[in-house]
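Asks: What shape does this take:
(one chain, ligands or ions: 2)
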Amino acid sequence: MSAVPDVIELLSDHIANQIAAGEVIQRPASAVKELLENAIDAGATEIQLVIKDAGKELLQVIDNGCGMSPTDARMSFERHATSKIRNINDLFSIRTMGFRGEALASVAAVAQVEMKTRKQDSEIGSQIIIEGTQVKSQEACATAPGTNIMIKNLFYNVPARRHFLKSNTTEFRHIVDEFTRVALAHPQVAFKLWNNGAEQFHLEAGNLKTRIVGLLGHSYEKNLVPVEERTDLLNITGFIGKPEAAARTRGMQFFFINNRFIRNPYLHHAVVNAYEGLIEKEAFPFYVLFLEVDPARVDVNVHPTKQEVKFEDDRLMYTYLNAAVKHALARYNIAPSLDFTLSPEIQQLSSVQLPVTHEQKQDTEKGYLYNTFTNKNQAHFAEKKDSLKQWKELYQIAQTIPSVPSPDYTEQAAPTLLVQHDTQPSGSSHNILLVQGSMLLTTVKSGLMLIHIRRAQERIWYERLLQEWNDGQTASQQLLFPLSYELPPQDALLLTEALPDLARMGFDISPFGQYTFVVQGVPTSLPAGEERNVLDEVVEQLKHESGDAVAKRSETLVANMARRLSRNINAMMQPEAQQALIDELFACTQPEYAPDGRRVFTMIRKEELDNMLG
Ligand code: ADP
Ligand code: MG
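Replies: Ligands and ions are numbered 1, 2, ... in the order given. Just a heads-up that it's a prediction; the model follows:
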């Protein structure tokens, strides 16, 4: 009997490395993160990041850190080569740092790498060239102390991965995101970022405040409220934004646990909740918060690219964080001081009882949270008092939106109604009833029709704006006082790209300086004072736009605008306005559905009415 051939073979190192590399280096931004962290670990005080073609052509990091000896330079590209773990205990104590010794090996497996490095106390440096894990050459060279590493043609040997990369705008945005996080976590280090030859960021060494302003723009300066709390469980420091700075845009929220960036929806909620009543529901407060905890109490998922963490006591974390933010807002007279109610259940938690060092204890006892919770023997459970409610009114943003437009549709082709003709409202203005301020009830031949006012408005605006868009003639009105609109760099890039589309919608916006725009004209239909809000929403939309969504951008923009314009339920008090709304709705090509697909109206047929009465 002929033997069935054995089929298992060991993957070559090269393939194995490539597979492992896929875990660590998913896109140019992941390589950037690793290289920047290495430079920080090397004790650099100045770091330059050079990007070409969104990192596809070149990613370069130049640091003035400790540098490497020629042997270390060679070793650093071996898998599991690290100077940062000496024994198994190290492994546990630094588990917050993810995998060790993988990054350079991974990069070397999927790119052409050229590195020059020189130890601070060496006369001469060493240059090493690697391609697909193979060392091509290593020789002595002249170079500044520190390390200068170039990653060229990332994924050149993994076409599938390269093909998978998003547009340059998107990939560069990810790079800026990583750069921003590292730069925020290390304000004492100077950074520069060059993109295709242009200096995009120039950040001097400084403190967190100057760093935030350097990264996110001067508009943040006057809006920053410091947070500083020390407790036995954790220290919370950083800045939050004043409520009026809360943009309708995500992304300006940063948590760092033990100086490492993380995402955590639960903690995010703790912050947002502290703003309750101070900002609009859709708004996101700005924050850059550093939480310092005993690493033994945090379980960072050991995957290096994961930014998720688990805590031993997440409820307690939530409560502390929430109270810290409330306290910061109160101290700056943004919200009233708060009282806290007792929750013995939390008082029992081991973490509250755990012994702390004398030094920690002293620190803690000076802190506000300690005094609120521990001294007064109150709970770690904060509950807001009614007094906060009155602040709600104070900060509520007035909505001044004109009544529904009266498009001139006499010239338009007869609308193709999706509803049966006999369901069309009969037209007399006396049989319309405003129901609960949000719906209209009217009689039609076959029964009753219930119309959702807001959705009807959205549909009307949507079709009107879309028509204008298609005709390429959205009316634009010049602003009396041009608006300056500042964005964080990564968002500025997106907006710049979308300017032609926005121009078609009637927005006259031009770049002004690096991350600032001047808004000179807006669509005529846009109510005064809403300009910034609409632009915030547009930027938010652009951020979440996937490849194929770009094609539908106009529709989404239009739907967004329509939603923005459809908030004037009050105008519906007038019978004429009610009638006009119904007329306009049924002049639409698709009166049945709002742009987001929800039903605009429903019918209650005569038979059903009869049945109801038995
Ligand atoms: P890790 O950072 O987890 O140790 P890496 O693969 O990122 O693994 O780096 C391997 C080793 O190379 C590091 O432990 C460090 O000794 C050395 N190294 C990497 N980058 C630098 C740098 N910019 N300056 C000095 N040494 C570096
Ligand atoms: Mg590393």
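Asks: Excluding chain neighbours, give the residue nearest to the residue of the stretch 351-500 of the chain found nearest ligand 2 in space.
Replies: As assessed by C-beta to the ion, ligand 2 sits closest to residue 490 within the stretch 351-500 of the chain, at 23.9 Å. Yep, even glycine has a C-beta here, placed from its N, CA and C like the rest. In this structure, residue 490 finds its nearest non-sequential neighbour in residue 176, 4.3 Å apart by C-beta to C-beta, 6 or more residues apart in numbering.
Asks: Does that neighbour belong to a helix, a strand or coil?
Replies: Of the three states, residue 176 takes helix under DSSP: H, G, I helix; E, B strand; the rest coil.
Asks: for it, what are its contacts?
Replies: 193, 200, 489, 490, 493 (C-beta atoms under 8 Å, 6 or more residues apart in numbering).
Asks: Next, give phi and psi for residue 188.
Replies: Per-residue torsions, residue 188: phi -80, psi -10 (degrees, to the nearest 10).
Asks: residues touching the closest residue to it other than its chain neighbours, list them.
Replies: For residue 188, ignoring the flanking residues on the chain, the nearest one in space by C-beta to C-beta, 6+ apart is residue 205 at 5.5 Å. Residue 205 is in contact with 45, 187, 188, 189, 190, counting by C-beta under 8 Å, 6+ apart.
Asks: Just flag the most distant two among the residues you listed.
Replies: Using C-beta to C-beta, these span at most 11.7 Å, a distance reached by 45 and 187.
Asks: how about the lengthiest strand in the chain: buried residues?
Replies: The strand that spans the most residues within the chain, counting by DSSP state E, is strand 476-486. For strand 476-486, a neighbour-count test (16 or more other C-beta atoms under 10 Å) marks 476, 479, 482, 485, 486 as buried.
Asks: Show residues contacting it.
Replies: With C-beta under 8 Å, 6+ apart as the test, strand 476-486 has contacts from 217-219, 506-509, 512, 515-524, 531-532, 535.
Asks: switch to 7 Å and redo it
Replies: 217, 219, 506, 508, 515-524, 531-532, 535 (C-beta atoms under 7 Å, 6 or more residues apart in numbering).
Asks: just stretch 184-202 next, same as before
Replies: Here stretch 184-202 has contacts from 40, 44-52, 172, 179, 183, 203-208, 210-211, 215, 254, 256, 259, 261, 288, 489, using C-beta under 7 Å, 6+ apart.
Asks: Flag every residue of the stretch 51-200 of the chain that's near ligand 1.
Replies: 63, 65-68, 76, 81-84, 100-105, 147 (C-beta under 6 Å from any ligand atom).
Asks: Report the buried members of these.
Replies: Members of these classed as buried by 16+ other C-beta under 10 Å are 63, 65-68, 76, 82, 100-105, 147.
Asks: quick revisit: could you dump the contacts of residue 176 into JSON lines and include secondary structure?
Replies: Shown next, in JSON lines, are these (three-state DSSP):
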{"residue": "193", "secondary structure": "strand"}
{"residue": "200", "secondary structure": "strand"}
{"residue": "489", "secondary structure": "helix"}
{"residue": "490", "secondary structure": "helix"}
{"residue": "493", "secondary structure": "helix"}
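Asks: Turn those into CSV, including pLDDT.
Replies: Shown next, in CSV, are those (pLDDT from 0 to 100):
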residue, pLDDT
193, 97
200, 92
489, 81
490, 79
493, 84
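Asks: Which one of those residues is nearest to ligand 1?
Replies: Taking C-beta to the nearest ligand atom as the measure, ligand 1 lies nearest residue 193 of these, at 16.6 Å.
Asks: Please name the bridge partners of that closest one.
Replies: residue 49, residue 201 (DSSP bridges).
Asks: coming back round to it: can you tell me which two in the buried ones among the residues of the stretch 51-200 of the chain next to ligand 1 are farthest apart?
Replies: Among those, 67 and 102 lie farthest apart (C-beta to C-beta), at 21.0 Å.
Asks: hang on, the earlier thing: who has more neighbours out of residue 45 and residue 187?
Replies: The residue with more neighbours, out of residue 45 and residue 187, is residue 187; 20 against 15, by other C-beta atoms under 10 Å.
Asks: Which residue, other than its chain neighbours, is closest to that one?
Replies: residue 211 (3.8 Å).
Asks: Quick check: the one you found vs ligand 2, distance?
Replies: Noted for residue 211: a distance of 22 Å to ligand 2, by C-beta to the ion, to the nearest Å.
Asks: can you give me phi and psi for that residue?
Replies: Taking degrees, to the nearest 10 as the convention, residue 211 sits at phi -70, psi -40.
Asks: still on that earlier bit, columns secondary structure on top of the contacts of residue 205, output as CSV?
Replies: Converted to CSV, these look like this (three-state DSSP):
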residue, secondary structure
45, coil
187, coil
188, coil
189, coil
190, strand
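Asks: Ligand 2: which of those is nearest?
Replies: Using C-beta to the ion, the contacts of residue 205 come closest to ligand 2 at residue 189, 15.8 Å.
Asks: and the closest one, how many neighbours?
Replies: A count of nearby residues for residue 189, using other C-beta under 10 Å, gives 23.
Asks: Let me know the pLDDT of it.
Replies: In this model, residue 189 is scored at 97, pLDDT.
Asks: before we move on, what about residue 595?
Replies: pLDDT recorded at residue 595 is 84.
Asks: How many neighbouring residues does it have?
Replies: 23.
Asks: quick one: it and ligand 2, what's the gap?
Replies: For residue 595, the distance to ligand 2 - C-beta to the ion - is 47 Å.
Asks: The closest residue in space to residue 113 that isn't next to it in sequence in helix, strand or coil?
Replies: Using C-beta to C-beta, 6+ apart and skipping residues adjacent in sequence, the residue nearest residue 113 is residue 130, 4.4 Å away. At residue 130, secondary structure determined by three-state DSSP is strand.
Asks: contacts for whichever helix or strand residue 240 is part of?
Replies: Element membership for residue 240, per DSSP states H and E: strand 234-241. Contact with strand 234-241 is made by 208-209, 212, 223-229, 285-293, 317, 320-321, 324-325, 328, as judged by C-beta under 7 Å, 6+ apart.
Asks: So, low pLDDT: which residues of the stretch 351-500 of the chain?
Replies: Where the stretch 351-500 of the chain drops to pLDDT under 70, the residues are 351-430, 473.
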